[in-house]
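Enquirer: When you get a sec, could you give me coordinates for this:
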Amino acid sequence: MSRTVVSAEQSAREQALVETVVASFDDAPDERLRYLMQTLVRHLHAFVREVRLSEEEWSAMIAFLTAAGHITDDKRQEFILLSDVLGISMQVVAVNNEAYQDATEATVFGPFFVEAAPLIEQGGDMAFGAVGEPCWVVGSVRGTDGAAIVDARIEVWEADEDGFYDVQYTDGRTAARAHIFSDAAGEYRFWGLTPTPYPIPYNGPVGKMLAAVARSPMRASHLHFMVSAPGYRTLVTHIFVRGDELLATDTVFGVKESLVKDFVQHPPGTPTPDGRDVGNSTWSETRFDIVLAPA
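Expert: Numbers count the residues shown, from 1 in each chain. As a prediction, this is how the structure comes out:
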């Protein structure tokens, strides 16, 4: 669509409004807030002027945001979903997690983290009855100097094989989430589930927007991690399954090549590393070595 030609008089009138609105924030006592608001105004007005936003389009935008507010509750944050599918969440992650030597890359937090997940011991099972193929996960936590980080807190959470997190069920269950601490050698190991793809919640305004622009709501298969230790930058990241056909089209743009890992599949009856009996089930294993940047 070609850009509309606007007369000099009309452009001057529009620019005068921009300057008036920007100036209205001049007396904001907080310098950072003043900068944020004035910059936001400039960018928003530039968008309206560039696309020549119609009043009908403006009304549709307001209705969309209103619907996003109505569907948001203590279990679902539609505005995070909107930020995710527009790539804003990943851009904020990039801005706030600058590359540092070989530190593990960060990615989106997602809307389904829950505080106070159960503690499991080394080799424990974080599935807590969630359905899915068992997966043995091992790795280490080290600094960029190579030194082992002892007692790093490792939060892990994921969807079950049906594509749902525990908080999406209505029975109050806690499943497929836990926290564990790295051992004296900086190592960790636990049982989880082999990650499977799932859609973000798409029965709301964000889902309707994706459908309107012919985009999929599907996320690539992944397992969430949040790793923290005194003196180090807290890492929020995922690991992804190599070979997943959704890696290139993850709807929240969260995939990074360094986070794609091999999940080795084993047939039923194959001995597990810790001797666990998984019955007639297949199982997988993967390794994720984590490197934390200094705070």
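
Enquirer: where exactly do the strands run in the stretch 151-295 of the chain?
Expert: Taking DSSP state E, counting those that start in this stretch as the criterion, the stretch 151-295 of the chain carries its strands at 153-157, 177-181, 187-193, 198-199, 218-219, 222-228, 235-241, 260-261, 264-266, 283-287, 290-292.

Enquirer: ok, Y202 touching L210?
Expert: Yes - Y202 lies in contact with L210 (Cβ atoms under 8 Å); the separation is 6.5 Å. Yep, even glycine has a C-beta here, placed from its N, CA and C like the rest.

Enquirer: hey, what's in contact with both of those two?
Expert: Contact criterion Cβ atoms under 8 Å, 6 or more residues apart in numbering; residues shared by Y202 and L210: P217.

Enquirer: Scan the chain for its longest strand.
Expert: strand 134-143 (DSSP state E).

Enquirer: From the contact counts, what lies against it?
Expert: With contacts defined as 3 or more Cβ pairs under 8 Å, 6 or more residues apart in numbering; DSSP states H and E, strand 134-143 has these neighbours: strand 187-193, strand 222-228, strand 283-287, strand 290-292.

Enquirer: With mean neighbour count added, can I get these in JSON lines?
Expert: Formatted as JSON lines, the helices and strands packed on strand 134-143 follow (neighbours: other Cβ atoms under 10 Å):
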{"stretch": "strand 187-193", "mean neighbour count": "22"}
{"stretch": "strand 222-228", "mean neighbour count": "23"}
{"stretch": "strand 283-287", "mean neighbour count": "19"}
{"stretch": "strand 290-292", "mean neighbour count": "21"}
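
Enquirer: Which among these is found nearest to P267?
Expert: For these, the distance to P267 is smallest for strand 283-287, at 8.9 Å, taking Cβ to Cβ.

Enquirer: That closest one: partners in the sheet, and parallel or antiparallel?
Expert: strand 134-143 (parallel), strand 264-266 (antiparallel) (DSSP bridges).

Enquirer: Quick check: buried residues in the last one?
Expert: It refers to strand 264-266. Of the residues in strand 264-266, H266 count as buried by neighbour count, 16 or more other Cβ atoms under 10 Å.

Enquirer: Equivalent analysis for the first one, please.
Expert: Of the residues in strand 134-143, 134-143 count as buried by neighbour count, 16+ other Cβ under 10 Å.

Enquirer: again with stretch 112-126
Expert: 112, 117, 120, 123-126.

Enquirer: Contacts only, for G110.
Expert: 80, 84, 224, 252.

Enquirer: Make a markdown table out of the strands paired with strand 283-287 and add mean pLDDT.
Expert: Below are those laid out as a markdown table (pLDDT from 0 to 100):
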| stretch | mean pLDDT |
| --- | --- |
| strand 134-143 | 98 |
| strand 264-266 | 97 |
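
Enquirer: With V291 as the reference, name the closest of those strands.
Expert: strand 134-143 (5.6 Å).

Enquirer: can you list contacts of the closest one?
Expert: Contact with strand 134-143 is made by 127, 148-149, 152, 154, 156, 182, 185-195, 223, 227, 229, 232, 263, 272-274, 276, 278, 281, 283-292, 294, as judged by Cβ under 8 Å, 6+ apart.

Enquirer: cool, stretch 204-217 as well?
Expert: 64, 67-68, 71, 76, 78, 81-82, 85, 199-202, 246, 249, 251.

Enquirer: mind running it again at 6 Å?
Expert: With contact meaning Cβ atoms under 6 Å, 6 or more residues apart in numbering, stretch 204-217 is reached by 64, 67-68, 71, 78, 81-82, 199-200, 202, 251.

Enquirer: burial of R42, as a residue count?
Expert: Applying other Cβ atoms under 10 Å, we find 14 residues neighbouring R42.

Enquirer: So what does it have for phi and psi?
Expert: As for R42, its main-chain torsions (degrees, to the nearest 10) stand at phi -60, psi -40.

Enquirer: The stretch 51-200 of the chain: helices as residue ranges?
Expert: 55-71, 78-85, 88-96 (DSSP state H, counting those that start in this stretch).

Enquirer: Buried ones in the shortest one, by neighbour count?
Expert: So that's helix 78-85. Per 16+ other Cβ under 10 Å, helix 78-85 contains these buried residues: 78, 80-85.

Enquirer: For it, which outside residues touch it?
Expert: 68, 71-72, 89, 111, 200, 204, 206, 251-252.

Enquirer: Using PDB, list the CA coordinates for that helix.
Expert: Extracted in PDB, the C-alpha atoms of helix 78-85 (Å, rounded to 0.1, in the frame of the first residue of the first chain):
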ATOM      1  CA  GLU A  78      -3.500 -11.800  27.600                       C
ATOM      2  CA  PHE A  79      -1.200  -8.700  27.500                       C
ATOM      3  CA  ILE A  80       1.900 -10.900  28.000                       C
ATOM      4  CA  LEU A  81       0.600 -13.100  25.100                       C
ATOM      5  CA  LEU A  82       0.200 -10.000  23.000                       C
ATOM      6  CA  SER A  83       3.700  -8.900  23.900                       C
ATOM      7  CA  ASP A  84       5.000 -12.300  23.100                       C
ATOM      8  CA  VAL A  85       3.500 -12.700  19.600                       C
END
